[in-house]
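Asks: Give me coordinates for this.
(one chain, ligands or ions: 1)
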Amino acid sequence: MINGEPPESPSPGTESAPALASPPAPVVPEIGKLGAGKWWTSPSGEHRAVDLKTDQPHSARMYDYYLGGKDHFRADREAAERALASFPNARTSARENRAFLVRSIRHLASTAGIRQFLDIGTGIPTSPNLHEVAQGVDPRARVVYADNDPIVLTHARALLTSAAEGVTAYLDVDLHSPESILAAPQLRDTLDFSQPIALSVLAILHFFPDADDPFALVDELVRELPTGSYLTITHATADYDDGMERLAASYRASGIPAQTRSRDEILRFFDGLEVLDPGLCTVHRWRPDADVRSDLTDGEVSFYGAVARKA
Ligand SMILES: C[S@@+](CC[C@H](N)C(=O)[O-])C[C@H]1O[C@@H](n2cnc3c(N)ncnc32)[C@H](O)[C@@H]1O
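Replies: Next up is the predicted model:
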């Protein structure tokens, strides 16, 4: 048990990581503080053991595998390789999605002047993390990260490296329950809901089949945001390449719910909001900078993204 500190992050990237061959010892983090970062276990502050379920593939760890990270286990790598056999461009999708994150957050922090960010489905830390981009514009930026995966929880330490002038916080919560996210006292302690907030929900909604009504879940969050707030979404699509649909099927076969959506379906998430130029497009076409490869095709990327404002 670790009191007052988050658990140490595992580094399970290689098969020769014997310490992680067996399930890690349960850790029960207490509410605590790390520099300017805040650490919470759950909205209610309840303590629970971290079970990484290393024998089952997890979307966060498969994504880390595509991005060339080291935080994945054999089950994740095998499932990711099956997904890559269906859609060999999955690494390109993941990389372009991260590049979109950087450009969209930079735009929100600089041009739109946003200083508060709520990022749901944060994922395993990947450089640069959202707070590093936002605080690169203004070190006073305040960022709340939220994810429901225990592996992300174990890595929260890396997400809490806020600039001294700002703050980062981590919530162990599930997007299926927006009410518990919104009710988290820690959320309200960190973000001022009378001021605009940029909500990002990147590369997660395709893990929500229609039966989960992800449109209602996002709407519940957006309704709580003050005027002048923003919603940013990225989402996998099979509009340009059937391989992305086969990838979703391979996720489902691995026990991970997944559903691609068309452009019109994804636009529904932005109902009632003002979608910024250039609208909903494949992520590499959203305000590209010099780092975006000009020869990329929509099919290779197969991820839509947009940023919208609540008027
Ligand atoms: C593909 S990763 C995306 C990471 C990051 N947002 C990005 O775009 O680079 C999807 C993340 O969503 C998280 N996730 C999946 N289902 C979730 C849920 N029901 N509630 C909260 N997070 C969830 C996963 O744990 C994973 O970290």
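Asks: can you give me the helices in the stretch 1-150 of the chain?
Replies: Ranges of helices in the stretch 1-150 of the chain, per DSSP state H, counting those that start in this stretch, are 59-66, 74-86, 90-110, 130-137, 150-154.
Asks: Now render these as TSV, adding distance to L175 and mean neighbour count.
Replies: Placement of C-beta: from N, CA and C, glycine included. Formatted as TSV, the helices of the stretch 1-150 of the chain follow (distance: least, C-beta to C-beta, whole Å; neighbours: other C-beta atoms under 10 Å):
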stretch	distance to L175	mean neighbour count
helix 59-66	12	24
helix 74-86	21	18
helix 90-110	17	22
helix 130-137	16	23
helix 150-154	13	23
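Asks: Around the ligand, which positions in the stretch 201-311 of the chain sit nearby?
Replies: 202-204, 207 (C-beta under 6 Å from any ligand atom).
Asks: Could you tell me which ranges of this structure sit under the pLDDT cut-off?
Replies: 1-49 (pLDDT under 70).
Asks: Now it against the ligand: closest residue?
Replies: G123 (2.6 Å; C-beta to the nearest ligand atom).
Asks: Leaving out chain neighbours, which residue sits closest to that residue?
Replies: A60 (5.3 Å; C-beta to C-beta, 6 or more residues apart in numbering).
Asks: what's the answer for R77, then?
Replies: R77 sits nearest to Y65 (C-beta to C-beta, 6+ apart), 5.7 Å away.
Asks: Could you do L191 as well?
Replies: That would be Q116: by C-beta to C-beta, 6+ apart, it lies 4.8 Å from L191.
Asks: how far away is that neighbour from D64?
Replies: Q116 is 27 Å from D64, where distance means C-beta to C-beta, to the nearest Å.
Asks: Next: L159.
Replies: On the measure of C-beta to C-beta, L159 and D64 end up 14 Å apart.
Asks: One more: V102?
Replies: For V102 relative to D64 (C-beta to C-beta), the value is 17 Å.
Asks: Also R77?
Replies: Distance of R77 to D64, given as C-beta to C-beta: 10 Å.
Asks: same question, L276
Replies: Plainly put, L276 is 29 Å away from D64 if you go by C-beta to C-beta.
Asks: again, but for R252
Replies: 20 Å.
Asks: so where do the strands sit in the stretch 201-311 of the chain?
Replies: In the stretch 201-311 of the chain, the strands defined using DSSP state E, counting those that start in this stretch lie at 230-236, 274-275, 281-282, 303-309.
Asks: export those to JSON lines and tack on mean neighbour count?
Replies: As requested, these are exported to JSON lines (neighbours: other C-beta atoms under 10 Å):
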{"stretch": "strand 230-236", "mean neighbour count": "25"}
{"stretch": "strand 274-275", "mean neighbour count": "12"}
{"stretch": "strand 281-282", "mean neighbour count": "20"}
{"stretch": "strand 303-309", "mean neighbour count": "24"}
